[in-house]
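A.B. asks: the sequence and its predicted three-dimensional model are supplied below.
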Amino acid sequence: MVRMVLLLLLCGSMCFGDTLILKDGTRHDGVLDSASERYITFDEGGSLHRYNRSEVREIRFSNPDQGARVSEPGNN
């Protein structure tokens, strides 16, 4: 039973490695789906949520190939 719980926790952390942080401090865990000039689309547990780029402070990526952090200019 303990092994099953550990396996589920490990899989969950692999699926939700990115963190989107809004300017109001709200954090959303999930995976970056897409980004455009106006919107960031973020997959949170299989549900896609769209955020205005103007509301996003930064995105922290868990995958080193994607970069450690993306911020709005001037918010470092």
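C.D. replies: Yep, that arrived.
A.B. asks: in the biggest strand by length in the chain, which residues are buried?
C.D. replies: In terms of residue count, the longest strand belonging to the chain (DSSP state E) is strand 27-35. Across strand 27-35, burial judged by 16 or more other CB atoms under 10 Å covers 28-32. Just so you know, the C-beta spots here come from the backbone N, C-alpha and C atoms, and that holds for glycine as well.
A.B. asks: extract the C-alpha trace of the helix or strand that it is followed by and format it as PDB.
C.D. replies: Using DSSP states H and E, the helix or strand that follows strand 27-35 in sequence is strand 39-44. Extracted as PDB, the C-alpha positions of strand 39-44 are listed here (Å, rounded to 0.1, in the frame of the first residue of the first chain):
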ATOM      1  CA  TYR A  39      -2.400  34.600 -23.500                       C
ATOM      2  CA  ILE A  40      -0.700  31.800 -21.500                       C
ATOM      3  CA  THR A  41      -2.600  28.400 -21.600                       C
ATOM      4  CA  PHE A  42      -1.700  26.200 -18.700                       C
ATOM      5  CA  ASP A  43      -2.800  22.500 -18.200                       C
ATOM      6  CA  GLU A  44      -3.800  22.000 -14.600                       C
END
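A.B. asks: what angle sits between strand 39-44 and strand 27-35?
C.D. replies: Strand 39-44 and strand 27-35 are oriented at 120 degrees to each other (axes from the mean of the first three to the mean of the last three CA atoms, to 10 degrees).
A.B. asks: can you name every helix or strand that strand 39-44 contacts?
C.D. replies: Contacts defined by 3 or more CB pairs under 8 Å, 6 or more residues apart in numbering; DSSP states H and E place strand 39-44 against strand 18-22, strand 27-35, strand 47-52.
A.B. asks: so which of these comes closest to residue 60?
C.D. replies: Residue 60 sits nearest to strand 18-22 of all the helices and strands packed on strand 39-44, at 4.4 Å, using CB to CB.
A.B. asks: put the alpha carbons of that closest one into CSV.
C.D. replies: C-alpha atoms of strand 18-22 as CSV (Å, rounded to 0.1, in the frame of the first residue of the first chain):
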residue,chain,number,x,y,z
ASP,A,18,5.7,23.7,-13.9
THR,A,19,4.4,26.6,-11.8
LEU,A,20,2.6,29.7,-13.1
ILE,A,21,2.7,32.6,-10.7
LEU,A,22,0.3,35.5,-11.2
